[in-house]
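>>> okay, structure incoming, though there's no sequence with it:
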């Protein structure tokens, strides 16, 4: 089963001809089942073979980003039609570059002209406003400038001014007009007053219609001003102040006829500019609409090209053979698909030389790959958030599909709330295609949408546990008829006189069948409801928790068998089962024994399990009719309640205690004994230093004696592996004897039927011997030297963690009981304090409005508090129980995710901005 363990992975080596490498990698990207290794880890990115092609792609990417920005500025949408174009051939890059260059240059030219036209239009609009406001000003005050100034000063009560009036007539008054941003007017007015000592007269008026900024297109608000002054000195000072405030000055004739004629000319030019601007905007819009239809296809093509060249930069280039050498991980089940993809690439490129696929053996840990679908993807993500599974170890995601929503439902158990959650999840599932295409930017919504199947199952399981608890919006449903009787109560009697009562099975439970499914509804109004539910839910939490921990330990057995760690079965698995079973599964057995054996008539003598459990560890169990130290009889609930209980409990405690040293000591000692025996068999006593060469080509004592040096760790004698090679007895060198293999005199590579068989090009790998024309076997260095101290410390940590964890994890599972009670009580409080108030109202006419208002408040609080906040709390607690309490029993989670080279993620991009 693929989801039970990760896919079997193989390390492959590809030999691709240079002219076919691009098409082959493109086909592998479409397949998406190959993870390439970087064979040039120490080579700078700017020194790799295809760096120029990557730069060309980045330049085209810049041009497309500019085009996309202009399209969005035009408020055009990039429609996703589900297109998936193939990666274009390398020769098509020239056409794409020319096309992008043409679009960019055309857009830039249009934008430059448009900005210039808009700037000219703005200036003419400002000039028009200046002419209009100035003409209106002079029409209101007359054409005599001196009288205008005198009237203004008299209105201000300033008879004595420094400006020469018309009666003096010795100096001619002048004026300037222009526009200034509205926010600068107060400072502009103050500076004019202080700089000119009050010898100028300023009049300004707002332009009511906002002007458009020619660059950004934002609205700009300005005022028209007119300044009267006397003399060239003040004129120069006024112009410098206007320049400092970036005010625009415009020529304004003094006579009304000239102003009218100028205004008519401005209006004519504005109309012409509007026509030109409209034509320019239409042309720009046509260019952008044409680019809009193709830009998503261009983006996908460009990113595929860039991804292909980035991948090719990870390959090693064989100059002599004009080929590229690649190493990659891929699932063994997909080898035929990989070979087919390579053949398709060869056909597309027109290459006549076939690509070579060779398998390599390695001790390196392969990446972890699980075949998931849209249903299992969310549960696998929950497991991977804790840690990626080690290669081929048991995957908890298979069991998380059931256990995760079930543990959540135990804490969230309310059928009403579960129906809402289930309906919400089902709604997202039924509309998943629509929501997926929309690609919302809301992170919270995307989280809900990604976990739609988890939410649906959590809601479905919550309905089930809610029916078990008989809890629907904090109320109970009497579907099958209660098995309890309250005095003269019957089915037609209301419970108004029994609002508070204590259920005692001795008096009120009739002889017959109990409630068929879940808790009897008569417990809902009972005074001892909390005590009853506390006991029930606490015991259920202990049973579920210990059962899940035992299941986790049993899963570790599958790991031990799969990895052939048979020693761990006897010194880890069995002691762990004994420890957990003797101490905690025994507690589960006591719970079931108490439920089955004791009825209501014997409830006074029902065993107190907590005291019984404490007495078990203290070896102080009391027999029936025994007396305490004070001389009084021990309560019957604290004495043994089945035959040979004392003896069995002693045996269980002793077995649990003895299992701890077995778990701690046996494995390190056995491993140490094996290591010592292995060293003795190899001819070296433990602690003896090796005589092998420490550095390449080191001259050892054995070489001095004209003897071939022993094979270094990590290498294999080729002559022993392949009969095509033989070792020379004189110098110990391996020589080729099989005529099917030829050695190139230039580069020394061995060829098999014309195909080069070389060793791994990865500098981290060791020498690779040939073993046939279609496979390469890589034997790497041996494992690190055995360190008894490290092994013992690791085992001690594991032992302490397991023994203490069994206790703490059992207590941790009590959160199932605590959160279940908290959720039920909070739901009941909301009902009683909010919605039930409306049902008690007896108000004419407006009673319905009050009921609706309180129901609306109750519904919102239920969704916000109970479904969202309480649901999130239960979700986080469920995560904790799976990650810590369950997975710690068998799951290592130190693997690396399989990251294949694929184009699928490129299809999910909305724009090039997603790459940042």
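Received, thanks. On a predicted model such as this, the values are computed, not experimentally measured, just so you know.

>>> list the contacts of residue 900.
Applying Cβ atoms under 8 Å, 6 or more residues apart in numbering, we find residue 900 in contact with 32-35, 330. Where C-beta positions appear, they are placed from N, C-alpha and C, glycine not excepted.

>>> quick one: it from residue 335, how far?
14 Å (Cβ to Cβ, to the nearest Å).

>>> picking that back up, wait, which of the contacts of residue 900 is closest to residue 239?
residue 32 (69.4 Å; Cβ to Cβ).

>>> tell me who's in contact with that closest one.
Applying Cβ under 8 Å, 6+ apart to residue 32 gives the contacts 900-904.

>>> got it, and residue 178?
Residue 178 makes contact with 126, 130, 224-225, 242, 247-250, according to Cβ under 8 Å, 6+ apart.

>>> please, which helix or strand holds it?
Using DSSP states H and E, the element containing residue 178 is strand 173-181.

>>> buried sites along stretch 357-368?
Residues of stretch 357-368 classed as buried by neighbour count (16 or more other Cβ atoms under 10 Å): 357-360, 362, 366-368.

>>> chain center to it: distance?
28 Å (Cα atoms, centre = their mean, to the nearest Å).

>>> how long is that stretch end to end?
Using Cα to Cα, to the nearest Å, one end of stretch 357-368 lies 22 Å from the other.

>>> just stretch 569-579 next, same as before
End-to-end distance (Cα to Cα), stretch 569-579: 14 Å.

>>> ok, now stretch 198-216?
With Cα to Cα, one end of stretch 198-216 sits 38 Å from the other.

>>> repeat for stretch 9-26
End-to-end distance (Cα to Cα), stretch 9-26: 21 Å.

>>> cool, and stretch 67-87?
Taking Cα to Cα, stretch 67-87 runs 21 Å from one end to the other.

>>> in that stretch, which residues are buried?
In terms of neighbour count (16+ other Cβ under 10 Å), stretch 67-87 has its buried residues at 67-68, 70-71, 76, 87.

>>> now stretch 318-325
Under the neighbour-count criterion of 16+ other Cβ under 10 Å, stretch 318-325 has 318, 321, 323-325 buried.

>>> ok, stretch 502-519 next?
503, 508-509, 515, 518-519.

>>> report the two of those residues separated the most.
By the measure Cβ to Cβ, 508 and 518 form the most distant pair in these, at 18.6 Å.

>>> what helices and strands are in contact with the longest helix anywhere in the chain?
Longest helix in the chain, counting residues (DSSP state H): helix 256-312. If contacts are counted by 3 or more Cβ pairs under 8 Å, 6 or more residues apart in numbering; DSSP states H and E, helix 256-312 sits against helix 18-31, helix 51-73, helix 92-141.

>>> between helix 92-141 and it, find me the angle.
Angle of helix 256-312 versus helix 92-141, following axes from the mean of the first three to the mean of the last three Cα atoms, to 10 degrees, is 160 degrees.

>>> what is the subsequent helix or strand relative to helix 256-312?
strand 316-318.

>>> and whatever helix or strand comes next after that following strand, how far out from the chain's middle?
Using DSSP H and E, the helix or strand that follows strand 316-318 towards the C-terminus is strand 323-331. For strand 323-331, the distance from its own C-alpha centre to the chain's C-alpha centre is 29 Å (Cα atoms, centre = their mean).

>>> what's the mean pLDDT across strand 323-331?
Strand 323-331 carries an average pLDDT of 93.

>>> and it, what does it pack against?
strand 9-17, helix 18-31, strand 35-36, strand 316-318.

>>> buried residues, the helix or strand just after it. List them.
From strand 323-331 onward toward the C-terminus, using DSSP H and E, the following helix or strand is helix 335-349. Using 16+ other Cβ under 10 Å as the test for burial, helix 335-349 gives 338, 341-342, 344-346, 348-349.

>>> which element is the closest residue to residue 607 other than its chain neighbours on?
Using Cβ to Cβ, 6 or more residues apart in numbering and skipping the chain neighbours, the partner closest in space to residue 607 is residue 641 (4.8 Å). Using DSSP H and E, residue 641 sits in no helix or strand.

>>> phi first, then psi, for residue 641.
phi -130, psi 10 (degrees, to the nearest 10).

>>> pretty sure it sits against residue 609.
No. With contact defined as Cβ atoms under 8 Å, residue 641 does not count as touching residue 609 (10.2 Å).

>>> neighbour count: these two, which is higher?
In terms of neighbours (other Cβ atoms under 10 Å), residue 641 is the more surrounded of residue 641 and residue 609; the figures are 19 against 16.

>>> give the contact list for the more buried one.
597, 605, 607, 612.

>>> now list the buried members of those residues.
Neighbour-count burial (16+ other Cβ under 10 Å) applied to the contacts of residue 641 gives 607, 612.

>>> okay, and which of the contacts of residue 641 map to helices?
Among these, the members found in helices (DSSP H) are 597, 612.

>>> can you tell me which of the contacts of residue 641 lies nearest to residue 261?
Nearest to residue 261 among the contacts of residue 641: residue 612, at 112.8 Å, using Cβ to Cβ.

>>> so for that closest one, what's the pLDDT?
87.

>>> correct me, but it touches residue 590?
Yes. The criterion here is Cβ under 8 Å, and residue 612 meets it with residue 590 at 6.8 Å.

>>> if we can go back for a sec, rebuild the contacts of residue 32 as JSON lines, extending it with pLDDT, distance to residue 471 and secondary structure.
JSON lines is the format used below for the contacts of residue 32 (pLDDT from 0 to 100; distance: Cβ to Cβ, whole Å; DSSP: H, G, I helix; E, B strand; the rest coil):
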{"residue": "900", "pLDDT": "94", "distance to residue 471": "47", "secondary structure": "coil"}
{"residue": "901", "pLDDT": "93", "distance to residue 471": "51", "secondary structure": "coil"}
{"residue": "902", "pLDDT": "93", "distance to residue 471": "47", "secondary structure": "coil"}
{"residue": "903", "pLDDT": "91", "distance to residue 471": "50", "secondary structure": "coil"}
{"residue": "904", "pLDDT": "88", "distance to residue 471": "44", "secondary structure": "helix"}
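
>>> dump those residues into CSV; add distance to residue 617 as well.
Listed next are the contacts of residue 32 as CSV, based on distance: Cβ to Cβ, whole Å:
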residue, distance to residue 617
900, 54
901, 58
902, 57
903, 62
904, 57
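
>>> for ChimeraX, what selects the buried ones among those?
Buried subset of those, written as a ChimeraX selection, criterion 16+ other Cβ under 10 Å:
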select :900,901,902,903
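
>>> what distance separates the opening and closing residues of stretch 311-323?
Taking Cα to Cα, stretch 311-323 runs 15 Å from one end to the other.

>>> any regions of the chain where pLDDT drops low?
1-2, 141-172, 486-500, 506, 510-512, 628-631, 683-784, 910-911, 913-916 (pLDDT under 70).

>>> still on that earlier bit, how big is the angle separating the longest helix of the chain from strand 323-331?
If you take the same axes, to 10 degrees, helix 256-312 sits at 80 degrees to strand 323-331.

>>> burial count for the residue lying closest to residue 110 once chain neighbours are set aside?
Distances taken as Cβ to Cβ, 6+ apart put residue 284 closest to residue 110, at 4.7 Å, once the chain neighbours are dropped. Residues near residue 284, counting by other Cβ under 10 Å, number 18.
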